[in-house]
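K.L.:
Need the 3D shape of this:
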Amino acid sequence: MDNRTDVLVVGGGATGTGIARDLALRGVDVTLAERGGLSAGTSGRSHGLLHSGARYAEADEPEARACLEESRTLTEIAGACVRETDGLFVQLSEDDPDYFEAKHEACAEVGIETEVLDGETVRAEIPDLSDDVERAMRVPDGVVFPSRLVAANAADAREHGAEILTHAPVTDMRREDGRIAEVELGGEVDGTIEPTYVVNAAGPYASSIAETVGATVELRPTRGVMVSVDYDRLEPVLNRCRDPNDGDIVVPHDDEVVLGTTSVPVDDPEEYERADWEIERSVEECAKMLPAVADAAHLRTWWGVRPLYEPEEAALGARGISRGFHLLEHGEEGVDNLATIVGGKLTTYRKMAEATADLVCEQLGVDADCETATRRLPGADDPERLDALVAEFDGQGPTDEDVVGR
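P.N.:
Residues are numbered from 1 along each chain as shown. Next up, the predicted model:
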């Protein structure tokens with residue numbers, strides 16, 4: 001292994017591999033280091049919803065537009081990494097009809113295509129839907145399979161010269177004259193990297209990575225539970241049309257649906273409580289939309305930790321609806337060659353990666369444009385190849401393990 005690299009990307013989730021891919025396509029020498037297998041963190045432990053932007057339309061118009069644009073882009077470039085299902089925002093009798101109207105109007109402003117269906121019509125489409133559903137709004141939501149998506153990004157980065165190191169946790173970083181001079185990697189690598197620039201894309205671990213060189217990343221990590229149950233009769237994503245709360249999303253897979261989720265602050269992204277009440281509440285609330293899931297067999301349960309940016313969360317309140325990303329430079333803290341990317345969501349990972357790659361290229365004096373929005377991911381038309389890449393990178397997460405490798 002050559003221990004010199006232009007850019008070291010720390011973190012092998014969607015954002016990290018997306019950054020590595022973007023930079024490699026621009027001709028930058030990139031090394032990516034992931035503490036476990038790829039997508040071992042937040043990306044591979046999500047509910048797998050490909051957002052149309054409707055969830056954010058009335059609360060954060062710019063983020064809704066970003067979701068809409070990026071979901072369309074992923075549909076074009078990602079092939080079998082995503083699935084077009086559509087989605088429904090359903091209003092129950094106990095839900096505020098004004099919220100439904102506000103979301104409908106906001107979707108129109110953003111440019112999200114919608115169709116309003118009365119309860120009788122939508123139950124004809126989904127017979128198991130609750131009798132308590134008064135109306136629903138169809139939106140272009142979908143499903144993303146993060147293990148495949150992350151592996152495909154890593155593969156494309158590697159095909160264009162990047163080095164992808166799994167099971168290579170950062171154990172230390174040495175700063176010299178206001179710059180990171182060396183990064184020590186443990187695990188299967190057990191070596192030292194000398195980067196020109198470092199990108200911290202470590203998700204909920206971003207704070208601890210930054211702290212090794214005296215930099216600060218203010219995070220408010222929160223955990224959320226996902227419960228996969230045996231149910232094969234749902235095509236569209238179901239979203240509860242109300243202020244965000246526990247148990248308001250049902251995501252369809254082939255023979256299962258994923259119910260979620262909760263939002264509980266945690267101090268440590270690795271050691272945290274996994275509470276039974278979260279499972280029970282998520283199932284109970286999702287069953288208000290789709291009663292059959294209340295008695296369906298539980299197949300898998302997992303938690304993920306979101307790397308939310310503390311200043312934004314404090315401004316939004318206890319459970320903010322925005323999921324914008326934040327790109328932080330650390331020059332004022334005495335680390336000129338370090339940037340951290342936090343926040344965001346799986347749907348907008350490519351946009352996050354593009355913004356980060358733009359910054360890095362500016363710092364390195366590289367004049368090259370982003371190509372990731374139009375270049376199709378490798379294996380996009382070949383699920384078997386994608387699943388082989390997932391296995392090669394040890395990238396299987398719980399979100400899509402029922403689909404990958406079938």
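K.L.:
And the residue of the chain most remote from its centre, how far from Gln363?
P.N.:
Going by CA atoms, centre = their mean, the residue of the chain most distant from its centre is Asp177, 35.2 Å out. Asp177 sits 16 Å away from Gln363, going by CB to CB, to the nearest Å. For the C-beta atoms, the positions are set from N, CA and C on the backbone; glycine is no exception.
K.L.:
and the residue positioned nearest the centre of the chain, what is it in contact with?
P.N.:
The centroid of the chain falls nearest to Leu346 when counting by CA atoms, centre = their mean (2.3 Å). Counting by CB atoms under 8 Å, 6 or more residues apart in numbering, Leu346 touches 14, 43, 46, 48-50, 144, 146, 149.
K.L.:
Quick check: the gap between it and His47.
P.N.:
The separation that Leu346 has from His47, given CB to CB, amounts to 9 Å.
K.L.:
Same check on Glu235?
P.N.:
Counting by CB to CB, the gap from Glu235 to His47 is 16 Å.
K.L.:
who's more crowded, these two?
P.N.:
His47 (23 against 12; other CB atoms under 10 Å).
K.L.:
How is the protein partitioned into domains?
P.N.:
4-43+146-219+322-400, 87-139+222-304 (automatic domain parsing).
K.L.:
gap between the two ends of the longest one?
P.N.:
Looking at domain 4-43+146-219+322-400, the gap from its leading to its trailing residue is 35 Å under the measure CA to CA, to the nearest Å.
K.L.:
Work out the gap between it and the centre of the chain.
P.N.:
14 Å (CA atoms, centre = their mean, to the nearest Å).
K.L.:
low pLDDT regions in the stretch 1-150 of the chain?
P.N.:
For the stretch 1-150 of the chain, applying pLDDT under 70 flags the ranges 1-2.
K.L.:
hey, where'd the helices end up in it?
P.N.:
14-25, 61-77, 97-110, 119-125, 146-159 (DSSP state H, counting those that start in this stretch).
K.L.:
before we move on, what about the stretch 151-300 of the chain?
P.N.:
206-211, 276-287.
K.L.:
buried residues in the first one?
P.N.:
Within helix 206-211, the residues scored as buried using 16 or more other CB atoms under 10 Å are 206-207, 209-210.
K.L.:
now, the most widely separated pair of these?
P.N.:
Put simply, by CB to CB the two of the buried residues of helix 206-211 set farthest apart are Ser207 and Ile209, 7.3 Å from each other.
K.L.:
Understood, closing this out.
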